[in-house]
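Trainee: Need the 3D shape of this:
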Amino acid sequence: QVQLVESGGGLVQAGDSLRLSCAASGRAVSTLTMGWFRQAPGKEREFVGARRWSNGITSYRDSVKGRFTVSMDNTKNTVFLQMNSLKPDDSAVYYCAATSRFRTEADAYDYWGQGTQVTVSS
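Mentor: Prediction:
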C-alpha cells in the first residue's frame, strides 16, 4: 500500500512558478512510476507528466513540455512537479499518483493523493 500526500498548490499570476510536492509512504518512489494528473472543473482528469526512476523514462503532455518537470528527492521519498511560466489554462486540481509500470493513462495508476488546487490568474 502506498500513501500519497500532495502540497504546494495556491493562487499565482500568469508567468509565475510553483512547485508541488507529493510525499509518499509505504514504498520507495524510486521503485515506482510517479505521475501527475490534473482536473479542471467540468473537464476530465488529464495526464500532465510521469517519470520512472529505475530506467529514466519520462513523458509530459505537449502543453507543458519545457515548462513542467517531474523530479524526486530520494532522502524524503518525495516527488515534485516544478511548474514554470504558468498559464491560466494550467488552473486545476493537481493529483500525484503511483503505479508499478510506466503508464500515462489515469486508470493504470493504483494509488492517488487527495489533490491540491492550483489557480493561475491572468
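
Trainee: Go ahead and flag the most central residue of this structure.
Mentor: With distances taken as CA atoms, centre = their mean, the residue of the chain nearest its centroid is residue 36 (2.5 Å).

Trainee: Bridged to it, which residues?
Mentor: Per DSSP bridges, residues listed as beta-bridge partners of residue 36: residue 49, residue 96.

Trainee: That one and residue 122, how far apart?
Mentor: With distances defined as CB to CB, to the nearest Å, the gap from residue 36 to residue 122 amounts to 23 Å. Using the backbone N, CA and C atoms, a C-beta is placed for each residue, glycine as well.

Trainee: Hmm, residue 20 and the residue nearest to the centre of the chain touching each other?
Mentor: Yes. Under the criterion of CB atoms under 8 Å, residue 36 is in contact with residue 20, at a separation of 7.3 Å.

Trainee: Find the residues that touch each one of the two.
Mentor: Shared contacts of residue 36 and residue 20, defined by CB atoms under 8 Å, 6 or more residues apart in numbering, comprise 81, 94, 96.

Trainee: nearest to residue 116, of those residues?
Mentor: Here the nearest of these to residue 116, counting by CB to CB, is residue 94; it sits at 5.5 Å.

Trainee: Can you report how many residues lie near the closest one?
Mentor: Residues lying near residue 94 (other CB atoms under 10 Å) number 24.
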